[in-house]
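Student: Got a sequence here, can you model it:
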Amino acid sequence: DTTPPASITNLTNTTYAPTYINWTWTNPPDADFSHVMIYIDGLFVTNTSNNFYNATGLSPNTSYTISTHTVDTSGNINQTWVNHTAITAPIPPAIYIYVPDDYAKIRWAVDNASAGDAIIVRDGTYVENIDINKPDLTIKSENGSAKCVVQAANSNDHVFYVTADNVTIKGFTVTGATGYEKAGIYLYNSNYSRIGNVIASNNFDGISLNNSSSNTIANNNVSNNGGGIYLWYSSNNTMANNTVSNNVYGIELWYSSSNTIADNTVSNFGDGIFLYSSSSNTIANNTFYLLSLIHISEPTRPLYISYA
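Tutor: Numbering: from 1, shown residues only. As a prediction, this is how the structure comes out:
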């Protein structure tokens, strides 16, 4: 047998989204039909005996062409190309949600937001605890931290509790989370998030990271807390240009590696920077106004330190 099978028919895309296109077709009726060779934009990707192929990992609002050959059980290939071009969907534009205009409380705005949305909080004092479990959200004050205060309604809970990736919190005063190990802002299993231009004061901990990596904590004022900035099993984070003052501990790292602590100003009652079983951290160009600068307990080398 040297005769190849017929080509597929009715090739079309049935569903699509910003990152995938699903194509379907009708396989040939040949009794010895084996499979379809799938190419995307001229590159071979797979063989399939199904009558569909779902291309994933694509870019939004982009054209892709599927090309096919059919093959029978003897290995004969139908050299005729059957092609179809489709375009992935664009990413929906971000929606701006205003508090209290659209929702009276920040947490209600978060509950009703979608990934990629921005929540803008107008001036005022908001008494609430906010859980953020949706990725890619931006939550920021309209006019800065001095004019926008979020006070814990429940002192035994974090003011902001973040359990999603790529979350931005910017421009708030966060206060009142005084319960044991509660924080003004607490990141748990959160990666690539950003905390900036925040005043964190009068909490058990100001800003705390637990099992969170690749976050940026920058340009914050962390004062009058038990602990200033606290890391637990967290790596590859950057803490820069923060003012950390009048806390029992300034910046604490426990079992946390490959973090950068740079260009911070630290003045506290106790240790400025405390490290416990934490390795490969870089501490550079920090300014200290206190008796105990850097306290290292059970270090694992290397540790890179320079300070002003």
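Student: Could you list the buried residues of stretch 280-289?
Tutor: Under the neighbour-count criterion of 16 or more other Cβ atoms under 10 Å, stretch 280-289 has 281, 283, 286, 288 buried. C-beta coordinates here come from the backbone N, C-alpha and C atoms, glycine included.
Student: Can you give me the neighbour number for residue 145?
Tutor: Neighbours of residue 145 under the rule other Cβ atoms under 10 Å: 21.
Student: ignore the last one, residue 9
Tutor: Residue 9 has 11 neighbours, counted by other Cβ under 10 Å.
Student: I figured it hits residue 25, correct?
Tutor: Yes: using Cβ atoms under 8 Å, residue 9 is in contact with residue 25, at 6.6 Å.
Student: Give the residues shared as contacts by these two.
Tutor: Shared contacts of residue 9 and residue 25, defined by Cβ atoms under 8 Å, 6 or more residues apart in numbering, comprise residue 82.
Student: coming back round to it: sitting in strands, which of the buried residues of stretch 280-289 do you find?
Tutor: Counting by DSSP state E, the part of those found in strands is 283, 286, 288.
Student: Quickly find the element holding residue 252.
Tutor: For residue 252, the element it lies in under DSSP states H and E is strand 249-254.
Student: what pairs with that strand, and is each one parallel or antiparallel?
Tutor: According to DSSP bridges, strand 249-254 forms sheet pairs with strand 227-232 (parallel), strand 271-276 (parallel).
Student: between those strands, which gets nearest to residue 203?
Tutor: The closest of those to residue 203 is strand 227-232. By Cβ to Cβ, the value is 8.8 Å.
Student: just the CA coordinates of that closest one, formatted as PDB?
Tutor: The C-alpha trace of strand 227-232 is given here as PDB (Å, rounded to 0.1, in the frame of the first residue of the first chain):
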ATOM      1  CA  GLY A 227       8.800  43.700  64.300                       C
ATOM      2  CA  GLY A 228       9.500  46.000  61.400                       C
ATOM      3  CA  ILE A 229       9.900  43.900  58.300                       C
ATOM      4  CA  TYR A 230       9.800  40.100  58.900                       C
ATOM      5  CA  LEU A 231      10.700  37.300  56.500                       C
ATOM      6  CA  TRP A 232      10.100  33.600  57.200                       C
END
